[in-house]
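J.: this one's sequence-less:
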């Protein structure tokens, strides 16, 4: 199935990905510099939260674009399967 990302969601998703890239580079630098373990773990947790935020926004786009009014999923079995698949990411 072809994906479609709404323009405003796409801009926000790319922005979040760039933030995540910076966090990963920062985390790598902290490890290279052997920073205090707890500080590294805090940064790692922040990175996971950023990824969760990205996933939430991506899920909102999917629900709004593909599942609202069952546009691309005409039969109920496909709709149920799609929702079950989505729940794996929550």
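T.: Happy to help now that I have it. These numbers come from a predicted model, not from an experiment.

J.: contacting residues around the most centrally placed residue in the chain?
T.: In the chain, the centroid-proximal residue (Cα atoms, centre = their mean) is residue 55; its distance is 2.1 Å. Residue 55 is in contact with residue 89, counting by Cβ atoms under 8 Å, 6 or more residues apart in numbering. Any C-beta I mention is one placed from the backbone N, CA and C, and that applies to glycine too.

J.: Show me the helices in the protein, by range?
T.: With DSSP state H applied, the chain shows helices at 7-32, 37-62, 76-87, listed in chain order.

J.: Now mean pLDDT too, for the ones you listed, in a markdown table please.
T.: Shown next, in a markdown table, are these (pLDDT from 0 to 100):
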| stretch | mean pLDDT |
| --- | --- |
| helix 7-32 | 97 |
| helix 37-62 | 93 |
| helix 76-87 | 73 |
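
J.: Pull up the gap between the spatially closest residue to residue 20 that is not a sequence neighbour and residue 34, please.
T.: Leaving aside its chain neighbours, residue 20 sits nearest to residue 50 (5.1 Å; criterion: Cβ to Cβ, 6 or more residues apart in numbering). Distance of residue 50 to residue 34, computed by Cβ to Cβ, to the nearest Å: 23 Å.
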